[in-house]
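Engineer: Attaching a predicted model along with its sequence, questions to come.
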Amino acid sequence: MKNKKNERRGKFIVFEGLDGSGTTTQSKLLGQYLEKQNWPVLNTSEPTQGPMGLILRLLLTNRLIFNGRPSEQGNQELEILSNSSIALLFAADRLDHIQHTILPKIQDGVIVICERYYFSSYAYQMGKSSKNLKWLTTINSRCIQPDLTIYLNTSLAVCNKRRFTNRWYQDLYEKPEILEQVAKNYDYVVQNMKKKMPVEIVDGTPNEKVVFEKIIHIIQNHFPEMFPNNPTLFTDNAQS
Ligand code: TMP
């Protein structure tokens, strides 16, 4: 039957990685590339522009101010929101994103390219204990599984350099010591999750063209049905 409610005719491709790893650049390049191949594409990202996403953006840019009193112990390091509350907000934002954007687009046959998805929650909200992963996967268990997640494994030094070169401000998590833990968490999460779903790891350290050519290779291999008439899709200096 045509237009069955749960029929997934498009694709859902996710980019993951540390801040500065190249996810924005590579998702845009992939979107432009697939559009040139005449595919309908939607580039989207999390946190979203939806109601929960807006709160998260305020939090990430340090504009959600906590107006409480310091504790009796004089602890000035009070959290604005606990890690668990933040994780729940990201999960709620994601469900809203799926309901209002991702699923309808996939059902319309669109290739949805999403920058960050539940691996971001696992890596950024896991903290120092991998035991938290179980709860994080539970609160995200109603989220649809991507057809492919591409993890850009870019060295922390390169990420830090790119971020500090491109921007004068840094978001909540964009501190080298926090990102060091997040990088370890990503490694753990990717190794764990790739047994359960399609995940590809791409070295994000080389220049954007080299990285992109690797990504095209991967997309071709995963989705051969998308390129029935076009076996040679690479640019001049494609890598094998
Ligand atoms: P970005 O828009 O520059 O990628 O920044 C989004 C920030 O939000 C980034 O530091 C990662 C963080 N984040 C989480 O901590 N958990 C999540 O679930 C998502 C989607 C993002």
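Structural biologist: In hand now; what should we look at? Please read all numbers here as calculations on a predicted model, not as lab measurements.
Engineer: ends of stretch 193-206, how far apart?
Structural biologist: By Cα to Cα, to the nearest Å, the extent of stretch 193-206 from end to end equals 25 Å.
Engineer: Buried residues, that stretch. List them.
Structural biologist: Buried residues in stretch 193-206, defined by neighbour count with 16 or more other Cβ atoms under 10 Å: 193, 199, 200, 201, 202, 204, 205, 206. (Each C-beta comes from the backbone N, C-alpha and C, glycine too.)
Engineer: does it come close to the ligand?
Structural biologist: No - using Cβ under 6 Å from any ligand atom, stretch 193-206 stays clear of the ligand, with a minimum separation of 13.7 Å.
Engineer: Kindly report the same for stretch 109-117.
Structural biologist: Yes - using Cβ under 6 Å from any ligand atom, stretch 109-117 reaches the ligand at residue 116.
Engineer: Please save the CA atoms from that stretch in PDB.
Structural biologist: Extracted as PDB, the C-alpha positions of stretch 109-117 are listed here (Å, rounded to 0.1, in the frame of the first residue of the first chain):
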ATOM      1  CA  GLY A 109      11.400  10.100   0.500                       C
ATOM      2  CA  VAL A 110      13.900  12.700   1.700                       C
ATOM      3  CA  ILE A 111      17.500  12.000   2.700                       C
ATOM      4  CA  VAL A 112      17.700  13.500   6.200                       C
ATOM      5  CA  ILE A 113      21.200  14.400   7.200                       C
ATOM      6  CA  CYS A 114      21.400  15.200  10.900                       C
ATOM      7  CA  GLU A 115      24.200  16.800  12.700                       C
ATOM      8  CA  ARG A 116      24.300  15.200  16.200                       C
ATOM      9  CA  TYR A 117      21.800  12.700  17.500                       C
END
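Engineer: Name the residues that touch that stretch?
Structural biologist: 9-16, 23-24, 27, 30-31, 34, 39-47, 94, 97, 101-102, 105-106, 143, 146, 149 (Cβ atoms under 8 Å, 6 or more residues apart in numbering).
Engineer: Residue 206: what secondary structure?
Structural biologist: coil (DSSP: H, G, I helix; E, B strand; the rest coil).
Engineer: and it, how far is that from residue 153?
Structural biologist: Using Cβ to Cβ, to the nearest Å, one gets 11 Å for the distance from residue 206 to residue 153.
Engineer: Repeat that for residue 60.
Structural biologist: 23 Å.
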